[in-house]
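Asks: structure for the following, please:
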Amino acid sequence: MTGADRLTTAAETVDAVVVGAGHNGLVAANLLADRGWSVRVLEASDAPGGAVRTEEITAPGWRSDLGSAFYPMGITSPVLQGLDLGAHGLAWRHAPAPLAHVLPDDRGVLLSRDVDVTAASVDRFAPGDGDAWRRLADEWQRLREPLLAAFLGPFPPVRDAARVLRTLGGPDALRLARRMLLPATRFGEEEFGGEGARVLLAGNALHTDLGVNQTASTAFGWLLSMLAQDVGFPVPEGGARAITDALVARLAQRGGTVECHRPVTRVLVEGGRAVGAVDAAGGLVRARRAVLADVPAPTLFSDLVGHEHLPARLVDDLARFQFDDAILKVDWALSSPIPWTAPEPREAGTVHLGGDTAGLVDFGADLATGRMPATPFMLLGQMTLSDPLRSPPGTESVWAYTHLPQGRQHSEAELDEQVRRMTAVIERHAPGFGDRVVARAVSRPGDLEARDPSLVRGALMAGTAQIHQMLVFRPTPGLGRPDTPVDGLFLAGATAHPAGAVHGAPGANAARAALARAGRFGGVYAAGIRAGHRLVYGAADSRGRVLAGR
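Replies: Numbering: from 1, shown residues only. This next block holds a predicted model:
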(Lines give C-alpha, C1' and ligand atoms only; values in the text may rest on other atoms or scores of the structure.)
Protein backbone atom coordinates (compact mmCIF):
# COMPACT_ATOMS: atom_id res chain seq x y z
CA MET A 1 0.00 0.00 0.00
CA THR A 2 1.39 3.40 -0.95
CA GLY A 3 1.42 6.43 1.34
CA ALA A 4 -1.22 8.06 -0.85
CA ASP A 5 -3.48 4.99 -0.59
CA ARG A 6 -3.11 4.98 3.18
CA LEU A 7 -4.07 8.63 3.40
CA THR A 8 -7.36 7.93 1.64
CA THR A 9 -8.26 4.52 3.09
CA ALA A 10 -6.79 4.26 6.59
CA ALA A 11 -7.31 7.68 8.15
CA GLU A 12 -8.20 7.80 11.82
CA THR A 13 -10.39 10.67 12.99
CA VAL A 14 -10.41 12.47 16.34
CA ASP A 15 -11.46 15.91 17.51
CA ALA A 16 -7.88 17.11 18.00
CA VAL A 17 -4.42 15.95 17.05
CA VAL A 18 -1.55 17.13 19.23
CA VAL A 19 1.88 16.98 17.60
CA GLY A 20 4.51 16.40 20.27
CA ALA A 21 4.18 14.91 23.76
CA GLY A 22 6.23 17.46 25.64
CA HIS A 23 4.63 18.75 28.80
CA ASN A 24 2.90 21.57 26.92
CA GLY A 25 1.39 19.17 24.41
CA LEU A 26 0.19 16.93 27.24
CA VAL A 27 -1.31 19.90 29.10
CA ALA A 28 -3.18 20.96 25.96
CA ALA A 29 -4.43 17.41 25.39
CA ASN A 30 -5.68 17.15 28.98
CA LEU A 31 -7.58 20.42 28.82
CA LEU A 32 -9.28 19.43 25.57
CA ALA A 33 -10.12 15.98 26.94
CA ASP A 34 -11.65 17.69 29.97
CA ARG A 35 -14.13 19.30 27.58
CA GLY A 36 -15.08 15.96 26.07
CA TRP A 37 -12.86 16.10 22.99
CA SER A 38 -11.27 12.94 21.63
CA VAL A 39 -7.52 13.58 21.51
CA ARG A 40 -4.56 11.78 19.93
CA VAL A 41 -1.00 12.85 20.80
CA LEU A 42 1.70 11.86 18.31
CA GLU A 43 5.31 11.80 19.57
CA ALA A 44 8.46 11.21 17.52
CA SER A 45 10.66 10.00 20.39
CA ASP A 46 10.60 6.71 22.25
CA ALA A 47 8.86 8.20 25.30
CA PRO A 48 6.67 11.19 26.13
CA GLY A 49 7.88 14.19 28.10
CA GLY A 50 10.29 16.04 25.84
CA ALA A 51 12.75 17.71 28.23
CA VAL A 52 10.77 16.49 31.27
CA ARG A 53 12.22 12.98 31.47
CA THR A 54 14.36 10.93 33.85
CA GLU A 55 16.67 8.01 33.07
CA GLU A 56 19.64 6.15 34.55
CA ILE A 57 22.30 7.49 32.18
CA THR A 58 25.33 7.44 34.53
CA ALA A 59 25.14 4.22 36.56
CA PRO A 60 22.39 1.80 37.65
CA GLY A 61 20.46 3.26 40.57
CA TRP A 62 21.40 6.90 39.89
CA ARG A 63 18.53 8.78 38.25
CA SER A 64 19.28 11.81 36.06
CA ASP A 65 16.82 14.34 34.73
CA LEU A 66 17.49 14.71 31.02
CA GLY A 67 16.39 18.33 30.75
CA SER A 68 14.55 20.38 33.35
CA ALA A 69 15.03 19.48 37.02
CA PHE A 70 13.74 22.14 39.46
CA TYR A 71 10.23 23.54 39.16
CA PRO A 72 9.43 26.80 40.95
CA MET A 73 7.18 27.77 38.03
CA GLY A 74 5.58 24.34 37.97
CA ILE A 75 4.51 24.30 41.61
CA THR A 76 3.01 27.81 41.33
CA SER A 77 1.50 27.46 37.84
CA PRO A 78 -2.28 27.95 37.91
CA VAL A 79 -2.44 25.62 34.92
CA LEU A 80 -0.67 22.68 36.56
CA GLN A 81 -2.41 23.31 39.88
CA GLY A 82 -5.74 23.11 38.09
CA LEU A 83 -4.90 19.68 36.67
CA ASP A 84 -4.47 18.22 40.19
CA LEU A 85 -1.50 16.08 39.20
CA GLY A 86 -1.06 15.01 42.82
CA ALA A 87 -4.06 12.74 42.31
CA HIS A 88 -2.05 10.99 39.58
CA GLY A 89 1.14 10.38 41.51
CA LEU A 90 3.04 13.68 41.48
CA ALA A 91 4.62 14.60 44.83
CA TRP A 92 6.99 17.52 45.42
CA ARG A 93 10.22 17.31 47.42
CA HIS A 94 12.57 20.07 48.64
CA ALA A 95 16.22 20.36 49.56
CA PRO A 96 16.87 22.07 52.92
CA ALA A 97 17.42 25.31 50.95
CA PRO A 98 16.61 26.17 47.33
CA LEU A 99 19.81 27.93 46.23
CA ALA A 100 23.37 28.90 47.08
CA HIS A 101 25.82 30.98 45.07
CA VAL A 102 29.51 30.33 45.69
CA LEU A 103 31.83 33.20 44.79
CA PRO A 104 35.33 32.65 43.36
CA ASP A 105 36.85 33.41 46.80
CA ASP A 106 34.71 30.57 48.25
CA ARG A 107 32.33 32.83 50.15
CA GLY A 108 28.77 31.57 49.85
CA VAL A 109 25.38 33.23 50.00
CA LEU A 110 22.25 31.22 50.77
CA LEU A 111 18.71 31.73 49.52
CA SER A 112 16.44 29.96 52.00
CA ARG A 113 12.68 29.56 52.07
CA ASP A 114 12.96 31.27 55.47
CA VAL A 115 13.26 34.97 54.66
CA ASP A 116 15.12 35.63 57.91
CA VAL A 117 17.82 33.14 56.95
CA THR A 118 18.19 34.68 53.49
CA ALA A 119 18.26 38.18 54.98
CA ALA A 120 20.99 37.19 57.45
CA SER A 121 23.05 35.63 54.64
CA VAL A 122 22.96 38.71 52.37
CA ASP A 123 23.42 41.02 55.36
CA ARG A 124 26.84 39.47 55.97
CA PHE A 125 27.98 41.03 52.71
CA ALA A 126 26.56 44.49 53.47
CA PRO A 127 24.57 45.55 56.55
CA GLY A 128 21.13 46.68 55.49
CA ASP A 129 20.83 44.29 52.56
CA GLY A 130 18.76 41.92 54.68
CA ASP A 131 16.09 44.58 55.20
CA ALA A 132 16.16 45.41 51.48
CA TRP A 133 15.61 41.72 50.69
CA ARG A 134 12.67 41.56 53.10
CA ARG A 135 11.07 44.54 51.33
CA LEU A 136 11.30 42.73 48.00
CA ALA A 137 9.84 39.56 49.52
CA ASP A 138 6.93 41.50 51.06
CA GLU A 139 6.21 43.21 47.76
CA TRP A 140 6.26 39.86 45.99
CA GLN A 141 3.60 38.48 48.31
CA ARG A 142 1.31 41.36 47.33
CA LEU A 143 1.92 40.86 43.62
CA ARG A 144 2.44 37.14 43.12
CA GLU A 145 -1.10 36.05 42.24
CA PRO A 146 -2.02 38.71 39.66
CA LEU A 147 1.54 38.88 38.30
CA LEU A 148 1.82 35.14 37.68
CA ALA A 149 -1.65 35.09 36.17
CA ALA A 150 -0.72 37.95 33.85
CA PHE A 151 2.57 36.31 32.85
CA LEU A 152 1.18 32.83 32.27
CA GLY A 153 -2.22 33.65 30.83
CA PRO A 154 -3.23 34.41 27.23
CA PHE A 155 -1.88 37.57 25.62
CA PRO A 156 -2.79 40.36 26.08
CA PRO A 157 -3.34 39.92 29.84
CA VAL A 158 -5.87 42.72 30.14
CA ARG A 159 -7.72 41.56 33.25
CA ASP A 160 -4.67 40.42 35.23
CA ALA A 161 -2.62 43.47 34.27
CA ALA A 162 -5.48 45.57 35.61
CA ARG A 163 -5.28 43.61 38.89
CA VAL A 164 -1.57 44.43 39.14
CA LEU A 165 -2.38 48.08 38.48
CA ARG A 166 -5.05 48.11 41.18
CA THR A 167 -2.68 46.44 43.65
CA LEU A 168 0.15 48.92 43.10
CA GLY A 169 -1.48 52.06 41.81
CA GLY A 170 -0.37 53.82 38.65
CA PRO A 171 2.93 55.41 39.77
CA ASP A 172 4.26 52.25 41.41
CA ALA A 173 3.13 50.15 38.44
CA LEU A 174 5.32 52.36 36.26
CA ARG A 175 8.20 51.80 38.66
CA LEU A 176 7.65 48.05 38.48
CA ALA A 177 7.69 48.20 34.67
CA ARG A 178 10.96 50.11 34.79
CA ARG A 179 12.43 47.53 37.15
CA MET A 180 11.49 44.65 34.85
CA LEU A 181 13.37 46.31 32.00
CA LEU A 182 16.54 46.93 34.01
CA PRO A 183 19.69 44.86 33.57
CA ALA A 184 20.12 42.61 36.61
CA THR A 185 23.44 44.28 37.40
CA ARG A 186 21.81 47.72 37.56
CA PHE A 187 18.93 46.53 39.70
CA GLY A 188 21.37 44.90 42.10
CA GLU A 189 23.31 48.13 42.40
CA GLU A 190 20.15 50.17 43.04
CA GLU A 191 18.79 47.85 45.75
CA PHE A 192 21.80 46.32 47.51
CA GLY A 193 25.19 47.37 48.79
CA GLY A 194 26.86 43.96 48.85
CA GLU A 195 27.80 41.19 46.46
CA GLY A 196 25.67 38.51 48.14
CA ALA A 197 22.21 39.69 47.12
CA ARG A 198 23.49 40.99 43.80
CA VAL A 199 24.83 37.60 42.66
CA LEU A 200 21.65 35.83 43.75
CA LEU A 201 19.65 38.04 41.39
CA ALA A 202 22.22 37.96 38.60
CA GLY A 203 22.75 34.21 38.82
CA ASN A 204 19.03 33.57 38.58
CA ALA A 205 18.85 35.78 35.49
CA LEU A 206 21.31 33.36 33.88
CA HIS A 207 18.73 30.59 34.03
CA THR A 208 17.77 32.23 30.72
CA ASP A 209 20.09 33.26 27.89
CA LEU A 210 20.04 36.90 28.98
CA GLY A 211 23.35 38.42 29.96
CA VAL A 212 23.24 40.05 33.38
CA ASN A 213 23.82 43.50 31.89
CA GLN A 214 21.16 43.09 29.19
CA THR A 215 17.79 44.80 29.19
CA ALA A 216 15.05 42.89 31.07
CA SER A 217 17.40 40.42 32.77
CA THR A 218 16.03 41.74 36.07
CA ALA A 219 12.58 40.41 35.16
CA PHE A 220 13.83 36.82 35.25
CA GLY A 221 16.41 37.23 38.00
CA TRP A 222 13.86 38.88 40.30
CA LEU A 223 11.08 36.41 39.41
CA LEU A 224 13.18 33.30 40.10
CA SER A 225 14.69 34.79 43.26
CA MET A 226 11.28 35.63 44.67
CA LEU A 227 9.85 32.24 43.70
CA ALA A 228 12.79 30.55 45.43
CA GLN A 229 12.12 32.65 48.52
CA ASP A 230 8.41 31.89 48.36
CA VAL A 231 8.01 28.26 47.23
CA GLY A 232 11.59 27.06 46.85
CA PHE A 233 13.00 25.10 43.93
CA PRO A 234 11.00 21.86 44.31
CA VAL A 235 11.61 18.59 42.46
CA PRO A 236 9.21 15.74 41.67
CA GLU A 237 9.71 12.67 43.84
CA GLY A 238 11.48 10.02 41.78
CA GLY A 239 12.46 12.35 38.96
CA ALA A 240 11.15 14.86 36.44
CA ARG A 241 9.34 12.10 34.58
CA ALA A 242 6.81 12.03 37.45
CA ILE A 243 5.29 15.18 35.92
CA THR A 244 5.06 13.51 32.54
CA ASP A 245 3.72 10.26 33.99
CA ALA A 246 1.00 12.15 35.84
CA LEU A 247 -0.04 14.06 32.72
CA VAL A 248 -0.15 10.87 30.64
CA ALA A 249 -2.13 8.98 33.31
CA ARG A 250 -4.60 11.83 33.66
CA LEU A 251 -5.09 11.99 29.89
CA ALA A 252 -5.60 8.22 29.63
CA GLN A 253 -8.25 8.39 32.34
CA ARG A 254 -10.16 10.79 30.09
CA GLY A 255 -9.82 8.67 26.97
CA GLY A 256 -6.89 10.45 25.32
CA THR A 257 -3.99 8.49 23.83
CA VAL A 258 -0.27 9.07 23.34
CA GLU A 259 1.54 7.27 20.54
CA CYS A 260 5.36 7.31 20.63
CA HIS A 261 7.71 6.37 17.77
CA ARG A 262 5.26 8.22 15.49
CA PRO A 263 7.01 11.29 14.05
CA VAL A 264 4.76 13.72 12.20
CA THR A 265 6.17 14.83 8.87
CA ARG A 266 3.31 17.00 7.64
CA VAL A 267 0.32 18.94 8.91
CA LEU A 268 -2.42 18.35 6.35
CA VAL A 269 -3.93 21.63 5.15
CA GLU A 270 -7.08 21.65 3.01
CA GLY A 271 -8.84 24.82 1.95
CA GLY A 272 -6.66 26.93 4.22
CA ARG A 273 -7.53 24.84 7.30
CA ALA A 274 -5.46 22.29 9.25
CA VAL A 275 -7.36 19.00 9.12
CA GLY A 276 -4.87 16.43 10.38
CA ALA A 277 -1.32 15.16 10.70
CA VAL A 278 0.63 12.73 8.52
CA ASP A 279 3.30 10.51 10.07
CA ALA A 280 6.56 9.23 8.61
CA ALA A 281 4.91 5.99 7.48
CA GLY A 282 2.19 7.87 5.61
CA GLY A 283 -0.46 7.34 8.25
CA LEU A 284 -3.00 10.10 8.64
CA VAL A 285 -4.87 11.14 11.76
CA ARG A 286 -7.65 13.52 10.79
CA ALA A 287 -8.74 16.28 13.14
CA ARG A 288 -12.36 17.38 13.14
CA ARG A 289 -11.67 20.50 15.20
CA ALA A 290 -8.00 21.39 15.67
CA VAL A 291 -4.33 20.52 15.29
CA LEU A 292 -2.08 21.69 18.13
CA ALA A 293 1.70 21.63 17.72
CA ASP A 294 4.12 21.30 20.63
CA VAL A 295 7.12 21.75 18.36
CA PRO A 296 9.34 24.78 17.67
CA ALA A 297 7.68 27.36 15.45
CA PRO A 298 10.36 27.19 12.71
CA THR A 299 9.90 23.40 12.56
CA LEU A 300 6.12 23.66 12.45
CA PHE A 301 5.87 26.33 9.78
CA SER A 302 8.83 25.46 7.57
CA ASP A 303 8.86 21.66 7.78
CA LEU A 304 5.36 20.51 8.71
CA VAL A 305 3.10 23.14 7.15
CA GLY A 306 5.12 24.53 4.24
CA HIS A 307 5.69 28.10 3.17
CA GLU A 308 3.05 27.84 0.44
CA HIS A 309 0.35 28.02 3.14
CA LEU A 310 1.83 31.01 4.97
CA PRO A 311 1.95 34.79 4.53
CA ALA A 312 5.20 35.93 2.96
CA ARG A 313 5.94 38.25 5.87
CA LEU A 314 5.69 35.38 8.36
CA VAL A 315 8.09 33.32 6.26
CA ASP A 316 10.51 36.24 6.25
CA ASP A 317 10.13 36.71 10.00
CA LEU A 318 10.83 33.02 10.64
CA ALA A 319 14.24 33.40 9.04
CA ARG A 320 15.05 35.85 11.83
CA PHE A 321 13.97 33.57 14.69
CA GLN A 322 16.69 33.42 17.34
CA PHE A 323 17.31 30.37 19.50
CA ASP A 324 18.80 30.74 22.96
CA ASP A 325 22.24 29.57 24.06
CA ALA A 326 23.39 26.03 23.47
CA ILE A 327 23.83 23.91 26.59
CA LEU A 328 26.59 21.56 27.70
CA LYS A 329 25.43 19.29 30.53
CA VAL A 330 27.29 16.77 32.68
CA ASP A 331 25.65 14.22 34.99
CA TRP A 332 27.66 12.49 37.72
CA ALA A 333 26.97 9.50 39.93
CA LEU A 334 28.84 10.17 43.18
CA SER A 335 29.69 7.74 45.95
CA SER A 336 28.94 10.41 48.58
CA PRO A 337 27.78 14.05 48.75
CA ILE A 338 29.97 16.81 47.31
CA PRO A 339 32.63 17.88 49.88
CA TRP A 340 32.01 21.62 49.73
CA THR A 341 34.35 23.80 51.76
CA ALA A 342 31.76 26.60 52.09
CA PRO A 343 28.78 25.70 54.29
CA GLU A 344 26.03 27.25 52.14
CA PRO A 345 26.04 24.80 49.19
CA ARG A 346 25.90 21.80 51.56
CA GLU A 347 22.18 22.42 52.05
CA ALA A 348 21.16 23.88 48.67
CA GLY A 349 19.48 21.89 45.95
CA THR A 350 20.71 24.30 43.28
CA VAL A 351 24.21 25.79 43.37
CA HIS A 352 25.57 28.60 41.19
CA LEU A 353 29.31 28.48 40.51
CA GLY A 354 31.82 30.30 38.37
CA GLY A 355 31.68 34.02 38.97
CA ASP A 356 31.04 37.13 41.02
CA THR A 357 29.04 39.90 39.37
CA ALA A 358 31.98 41.01 37.23
CA GLY A 359 32.64 37.41 36.24
CA LEU A 360 29.01 36.94 35.20
CA VAL A 361 29.26 40.04 33.01
CA ASP A 362 32.38 38.60 31.37
CA PHE A 363 30.62 35.26 30.89
CA GLY A 364 27.75 36.95 29.06
CA ALA A 365 30.14 38.99 26.92
CA ASP A 366 31.95 35.83 25.83
CA LEU A 367 28.70 34.21 24.77
CA ALA A 368 27.50 37.34 22.96
CA THR A 369 30.69 37.47 20.90
CA GLY A 370 30.80 33.75 20.14
CA ARG A 371 33.75 32.96 22.41
CA MET A 372 33.90 29.85 24.58
CA PRO A 373 33.95 31.23 28.16
CA ALA A 374 37.28 30.62 29.89
CA THR A 375 35.49 30.39 33.24
CA PRO A 376 32.12 28.69 32.78
CA PHE A 377 29.25 29.83 34.95
CA MET A 378 27.38 26.71 36.04
CA LEU A 379 24.02 25.74 37.42
CA LEU A 380 24.50 22.60 39.51
CA GLY A 381 21.79 20.36 40.93
CA GLN A 382 22.23 18.14 43.97
CA MET A 383 19.32 15.85 43.30
CA THR A 384 19.60 13.29 46.09
CA LEU A 385 19.83 16.12 48.59
CA SER A 386 16.48 17.23 47.22
CA ASP A 387 14.94 13.78 46.79
CA PRO A 388 16.46 10.68 48.44
CA LEU A 389 14.98 8.43 45.73
CA ARG A 390 17.45 9.72 43.13
CA SER A 391 20.37 7.47 44.13
CA PRO A 392 21.39 4.74 46.63
CA PRO A 393 21.61 5.73 50.32
CA GLY A 394 24.68 7.79 51.17
CA THR A 395 25.38 8.70 47.53
CA GLU A 396 24.50 11.71 45.37
CA SER A 397 23.14 12.24 41.86
CA VAL A 398 24.48 15.53 40.49
CA TRP A 399 24.26 17.45 37.25
CA ALA A 400 25.70 20.74 36.08
CA TYR A 401 25.26 22.68 32.89
CA THR A 402 26.80 25.74 31.31
CA HIS A 403 25.90 27.90 28.36
CA LEU A 404 27.76 27.80 25.05
CA PRO A 405 27.65 30.26 22.16
CA GLN A 406 24.70 29.51 19.89
CA GLY A 407 24.94 29.64 16.13
CA ARG A 408 28.32 28.01 15.59
CA GLN A 409 29.77 24.54 15.63
CA HIS A 410 31.63 23.42 18.73
CA SER A 411 34.51 21.03 18.15
CA GLU A 412 34.88 17.91 20.26
CA ALA A 413 38.14 19.33 21.61
CA GLU A 414 36.38 22.54 22.70
CA LEU A 415 33.59 20.63 24.41
CA ASP A 416 36.01 18.28 26.16
CA GLU A 417 38.01 21.27 27.41
CA GLN A 418 34.85 22.93 28.70
CA VAL A 419 33.91 19.77 30.62
CA ARG A 420 37.40 19.83 32.13
CA ARG A 421 36.93 23.47 33.14
CA MET A 422 33.53 22.73 34.69
CA THR A 423 35.03 19.90 36.74
CA ALA A 424 37.94 22.11 37.81
CA VAL A 425 35.57 24.81 39.10
CA ILE A 426 33.73 22.27 41.24
CA GLU A 427 37.00 20.76 42.48
CA ARG A 428 38.23 24.22 43.48
CA HIS A 429 35.28 24.63 45.84
CA ALA A 430 35.03 20.95 46.81
CA PRO A 431 38.49 19.32 46.88
CA GLY A 432 38.14 15.57 46.43
CA PHE A 433 35.05 15.84 44.23
CA GLY A 434 36.73 13.80 41.49
CA ASP A 435 37.52 10.97 43.89
CA ARG A 436 33.80 10.48 44.52
CA VAL A 437 32.82 10.08 40.86
CA VAL A 438 31.43 6.61 40.17
CA ALA A 439 30.39 7.43 36.60
CA ARG A 440 29.47 10.40 34.45
CA ALA A 441 27.54 11.18 31.28
CA VAL A 442 28.28 14.19 29.08
CA SER A 443 25.39 15.62 27.05
CA ARG A 444 26.58 17.85 24.23
CA PRO A 445 24.16 20.14 22.37
CA GLY A 446 23.68 17.50 19.69
CA ASP A 447 22.95 14.84 22.31
CA LEU A 448 20.24 17.01 23.86
CA GLU A 449 18.62 17.56 20.47
CA ALA A 450 18.83 13.85 19.63
CA ARG A 451 16.85 13.01 22.79
CA ASP A 452 14.35 15.82 22.25
CA PRO A 453 14.18 17.37 18.75
CA SER A 454 12.61 20.49 20.27
CA LEU A 455 15.96 21.32 21.93
CA VAL A 456 17.31 22.69 18.67
CA ARG A 457 21.12 22.77 18.81
CA GLY A 458 20.87 22.27 22.55
CA ALA A 459 18.67 25.32 23.28
CA LEU A 460 16.64 24.65 26.44
CA MET A 461 14.35 27.70 26.33
CA ALA A 462 12.94 27.25 22.78
CA GLY A 463 14.14 30.69 21.74
CA THR A 464 15.86 33.69 23.23
CA ALA A 465 14.31 35.45 26.22
CA GLN A 466 15.55 38.82 24.96
CA ILE A 467 12.83 41.42 24.73
CA HIS A 468 12.83 41.45 20.91
CA GLN A 469 11.39 37.91 20.93
CA MET A 470 8.94 38.04 23.84
CA LEU A 471 5.30 39.08 24.25
CA VAL A 472 3.92 40.22 20.85
CA PHE A 473 7.27 39.35 19.25
CA ARG A 474 7.11 35.64 20.15
CA PRO A 475 7.77 33.63 18.09
CA THR A 476 7.67 36.37 15.45
CA PRO A 477 6.10 39.84 15.41
CA GLY A 478 2.39 39.15 15.59
CA LEU A 479 -0.45 38.91 18.06
CA GLY A 480 1.37 37.08 20.85
CA ARG A 481 -1.26 34.36 20.62
CA PRO A 482 -1.18 30.63 19.75
CA ASP A 483 -3.43 31.11 16.70
CA THR A 484 -1.58 30.74 13.40
CA PRO A 485 -2.46 32.00 9.91
CA VAL A 486 -3.65 28.46 9.13
CA ASP A 487 -7.17 28.12 10.51
CA GLY A 488 -7.46 25.38 13.12
CA LEU A 489 -3.71 25.16 13.74
CA PHE A 490 -2.39 26.33 17.10
CA LEU A 491 1.17 26.72 18.38
CA ALA A 492 1.32 24.92 21.74
CA GLY A 493 5.06 24.81 22.48
CA ALA A 494 7.52 27.06 24.28
CA THR A 495 8.32 29.10 21.17
CA ALA A 496 4.91 30.67 21.83
CA HIS A 497 4.11 33.17 24.59
CA PRO A 498 5.04 33.06 27.45
CA ALA A 499 8.14 31.04 26.47
CA GLY A 500 10.12 28.34 28.25
CA ALA A 501 10.05 26.80 31.74
CA VAL A 502 7.73 24.02 32.88
CA HIS A 503 4.46 25.73 33.67
CA GLY A 504 2.21 24.48 30.89
CA ALA A 505 1.05 27.94 29.85
CA PRO A 506 1.74 27.66 26.08
CA GLY A 507 -0.18 24.38 25.94
CA ALA A 508 -3.04 25.78 28.00
CA ASN A 509 -3.24 28.92 25.88
CA ALA A 510 -3.37 26.83 22.70
CA ALA A 511 -6.12 24.62 24.11
CA ARG A 512 -8.19 27.66 25.12
CA ALA A 513 -7.78 29.13 21.64
CA ALA A 514 -8.84 25.85 20.02
CA LEU A 515 -11.91 25.69 22.26
CA ALA A 516 -12.81 29.29 21.41
CA ARG A 517 -12.47 28.61 17.67
CA ALA A 518 -14.71 25.54 17.93
CA GLY A 519 -17.19 27.18 20.25
CA ARG A 520 -20.51 28.91 19.80
CA PHE A 521 -18.91 32.16 18.70
CA GLY A 522 -16.09 30.50 16.78
CA GLY A 523 -16.90 32.36 13.58
CA VAL A 524 -16.57 35.71 15.29
CA TYR A 525 -13.38 34.58 17.02
CA ALA A 526 -11.88 33.43 13.70
CA ALA A 527 -12.82 36.68 11.99
CA GLY A 528 -11.01 38.65 14.69
CA ILE A 529 -7.89 36.51 14.36
CA ARG A 530 -7.94 36.81 10.57
CA ALA A 531 -8.24 40.58 10.83
CA GLY A 532 -5.28 40.68 13.18
CA HIS A 533 -3.20 38.50 10.89
CA ARG A 534 -4.04 40.64 7.87
CA LEU A 535 -2.87 43.67 9.81
CA VAL A 536 0.41 42.00 10.81
CA TYR A 537 1.23 39.86 7.77
CA GLY A 538 -0.87 41.13 4.90
CA ALA A 539 -2.88 38.64 2.84
CA ALA A 540 -0.30 37.22 0.45
CA ASP A 541 1.44 33.88 0.82
CA SER A 542 5.17 33.34 0.28
CA ARG A 543 4.63 33.17 -3.51
CA GLY A 544 2.70 36.40 -3.60
CA ARG A 545 -0.71 34.75 -3.96
CA VAL A 546 -3.73 35.96 -2.01
CA LEU A 547 -4.63 33.40 0.65
CA ALA A 548 -8.11 31.97 0.24
CA GLY A 549 -10.56 33.01 2.93
CA ARG A 550 -8.21 35.63 4.33
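
Asks: I'd say T402 and M422 touch.
Replies: Yes. With contacts counted by C-beta atoms under 8 Å, T402 reaches M422, the gap being 6.0 Å. Backbone N, C-alpha and C define where each C-beta goes, glycine included.

Asks: which one of these two is surrounded by more residues?
Replies: More crowded of T402 and M422, by other C-beta atoms under 10 Å: T402, with 28 against 24.

Asks: pull up the pairing partners for the helix or strand where that one lies, direction included.
Replies: Taking DSSP states H and E as the criterion, T402 maps to strand 396-404. Note on strand 396-404: by DSSP bridges, its sheet partners are strand 326-334 (antiparallel), strand 378-382 (antiparallel).

Asks: now those strands in TSV, with mean neighbour count, mean pLDDT and distance to A69?
Replies: Shown next, in TSV, are the strands paired with strand 396-404 (neighbours: other C-beta atoms under 10 Å; pLDDT from 0 to 100; distance: least, C-beta to C-beta, whole Å):
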stretch	mean neighbour count	mean pLDDT	distance to A69
strand 326-334	25	97	10
strand 378-382	25	97	5
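
Asks: which among these is found nearest to D452?
Replies: strand 326-334 (11.6 Å; C-beta to C-beta).

Asks: which residues touch G211?
Replies: Counting by C-beta atoms under 8 Å, 6 or more residues apart in numbering, G211 touches 217, 361, 363-365, 367-368.

Asks: wait, is it part of a strand?
Replies: No. G211 is assigned coil when assessed by DSSP: H, G, I helix; E, B strand; the rest coil, not a strand.

Asks: quick check: the gap between it and E427.
Replies: Look at G211 and E427: by C-beta to C-beta, to the nearest Å, they are 27 Å apart.

Asks: so I57 is in which element?
Replies: Applying DSSP H and E, one finds I57 in no helix or strand.

Asks: how is the closest residue to it other than its chain neighbours assigned, secondary-structure-wise?
Replies: Excluding its sequence neighbours, the residue lying closest to I57 (C-beta to C-beta, 6 or more residues apart in numbering) is A441, at 4.4 Å. When classified by three-state DSSP, A441 comes out as strand.

Asks: the spatially closest residue to D123 that is not a sequence neighbour in helix, strand or coil?
Replies: Excluding its sequence neighbours, the residue lying closest to D123 (C-beta to C-beta, 6+ apart) is G130, at 3.5 Å. Following three-state DSSP, the label given to G130 is helix.

Asks: please enumerate the helices of the stretch 101-250 of the chain.
Replies: Using DSSP state H, counting those that start in this stretch, the helices of the stretch 101-250 of the chain run over 115-123, 129-152, 158-168, 170-181, 184-191, 195-205, 217-231, 241-253.

Asks: will you turn those helices into TSV that also has mean pLDDT?
Replies: Below are the helices of the stretch 101-250 of the chain laid out as TSV (pLDDT from 0 to 100):
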stretch	mean pLDDT
helix 115-123	98
helix 129-152	92
helix 158-168	82
helix 170-181	89
helix 184-191	96
helix 195-205	97
helix 217-231	96
helix 241-253	98
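
Asks: R474 is nearest to which of those?
Replies: helix 129-152 (12.7 Å).

Asks: helices and strands around that closest one, which ones?
Replies: Applying 3 or more C-beta pairs under 8 Å, 6 or more residues apart in numbering; DSSP states H and E, one finds that helix 129-152 contacts helix 78-83, helix 115-123, helix 158-168, helix 195-205, helix 217-231, helix 505-518.

Asks: in the helix or strand encompassing V425, what's buried?
Replies: Taking DSSP H and E as the criterion, the element that holds V425 is helix 412-429. Neighbour counts over helix 412-429 (16 or more other C-beta atoms under 10 Å) mark 415, 418-419, 421-423, 425-426, 429 as buried.

Asks: could you check the angle strand 396-404 makes with that helix?
Replies: For helix 412-429 against strand 396-404, the angle by axes from the mean of the first three to the mean of the last three C-alpha atoms, to 10 degrees is 130 degrees.

Asks: which outside residues touch helix 412-429?
Replies: With C-beta under 8 Å, 6+ apart, helix 412-429 has contacts from 102, 106, 328, 330, 338, 340-342, 345, 353-354, 372, 374-376, 378, 380, 400, 402, 404, 433-434, 442, 444.

Asks: quick one: end-to-end length of stretch 62-75, please.
Replies: 24 Å (C-alpha to C-alpha, to the nearest Å).

Asks: work out the gap between it and the centre of the chain.
Replies: 11 Å (C-alpha atoms, centre = their mean, to the nearest Å).

Asks: list the buried residues in that stretch.
Replies: Those would be 62-75, for stretch 62-75 by 16+ other C-beta under 10 Å.
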